[in-house]
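Colleague: What follows is a predicted protein model with its sequence.
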Amino acid sequence: MGEKYTVARFTKGNEHFEVLVKPDKALDYRMGKTSAITEVLVTEIIFSDASKGTKVSEEALRKAFGTTDPLKVADIIIKKGTLQLTTEQRRKMIEEKRRQIIAFISKQCVDPRTNLPHPPTRIEQAMEQIHYSIDPFKTTEEQAREIIKLLRQVLPLKVEQVSVSVQVPAEYAAKAYGTIKAMGTIKREEWRADGSWHGILEMPAGLYGPFLEKIGEVTKGNAEAKIIS
């Protein structure tokens, strides 16, 4: 595959859908840095196999996406499908993600022998020993949790935990619940008569900042959260 274009793929059921895209612009589109999809596409044709030039029928598009509009279909393929990265793109993204993960672990974990954080260089050296394959598209938090479990085989680590009291108004409670569960362990919860939610959440100390950001986004700043221990 040349550097001038690459492929974004999406599979639904047994059907495969592909579009030809410009590598850098497609990555920017995927990451939300641009919204101009016409600048991303090499052609507005939706393929079942781009290498063979096999087009998808309108019937298959309508069945899979509810539309035959190539721009709407391409939007879904690029954002939700698999984006084929160039070698240089992948290298840069993995290196950036690695730095984020190391910084996250350094802030979140301590050496149980000293109760002090491990220096980033020590964490980086330990990561080289466990041979973890970093995914440039998976979140820093998700991969850091997986890496912490593996690092304990070669590096003494203790995750600092905090208990957080959370209150969410009824208007946002159902929508926010998934975010709350994903960020920690619910130790106590109460769905109140007015539909609001109150609970105690235990989470790694390093996740408290990201949790405040995410719960703030979901509730438009209407949730209350504070560390209680």
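Modeller: In hand now; what should we look at?

Colleague: Going by secondary structure, the residue nearest to residue 81 when sequence neighbours are not counted is in what exactly?
Modeller: Nearest residue to residue 81, sequence neighbours excluded (CB to CB, 6 or more residues apart in numbering): residue 10, at 3.2 Å. In this view, the C-beta of every residue, glycine as well, is placed from N, C-alpha and C. Using DSSP states H and E, the element containing residue 10 is strand 6-12.

Colleague: Can I get the helix or strand that that strand is followed by as PDB, trimmed to CA atoms?
Modeller: Downstream of strand 6-12, the next assigned helix or strand under DSSP H and E is strand 15-21. Listed next in PDB are the C-alpha coordinates belonging to strand 15-21 (Å, rounded to 0.1, in the frame of the first residue of the first chain):
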ATOM      1  CA  GLU A  15     -20.400  -7.800   4.600                       C
ATOM      2  CA  HIS A  16     -17.100  -5.900   4.200                       C
ATOM      3  CA  PHE A  17     -17.000  -2.200   3.400                       C
ATOM      4  CA  GLU A  18     -13.900  -0.200   2.500                       C
ATOM      5  CA  VAL A  19     -12.900   3.300   1.400                       C
ATOM      6  CA  LEU A  20      -9.700   4.700   0.100                       C
ATOM      7  CA  VAL A  21      -8.400   7.600   2.200                       C
END
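
Colleague: by how many degrees do strand 15-21 and strand 6-12 diverge?
Modeller: Counting by axes from the mean of the first three to the mean of the last three CA atoms, to 10 degrees, strand 15-21 lies at 160 degrees to strand 6-12.

Colleague: What's the mean pLDDT across strand 15-21?
Modeller: Computed over strand 15-21, the mean pLDDT rounds to 96.

Colleague: following the longest helix along the chain, which helix or strand comes up?
Modeller: Scanning the chain for the helix with the most residues, using DSSP state H, yields helix 87-108. Toward the C-terminus, helix 87-108 is succeeded by strand 109-110 as the next helix or strand (DSSP H and E).

Colleague: What's the per-residue pLDDT of the residue lying farthest from the centre of the chain here?
Modeller: No residue in the chain sits farther from the centre than residue 193, which is 34.2 Å out by CA atoms, centre = their mean. pLDDT recorded at residue 193 is 96.

Colleague: any idea which element it lies in?
Modeller: Judged by DSSP H and E, residue 193 forms part of no helix or strand.

Colleague: Can you tell me how far it is from residue 10?
Modeller: As defined by CB to CB, to the nearest Å, residue 193 lies at a distance of 44 Å from residue 10.

Colleague: For the strand holding residue 10, what does the pLDDT average out to?
Modeller: 96.

Colleague: next one: stretch 104-124
Modeller: 88.

Colleague: buried sites along it?
Modeller: Under the neighbour-count criterion of 16 or more other CB atoms under 10 Å, stretch 104-124 has 104, 105, 106, 107, 108, 109, 110, 117, 118, 123, 124 buried.

Colleague: which residue ranges form the strands in the protein?
Modeller: Assigned by DSSP state E, the chain shows strands spanning 6-12, 15-21, 47-49, 54-55, 82-83, 109-110, 158-159, 161-168, 185-191, 197-204, 224-227.
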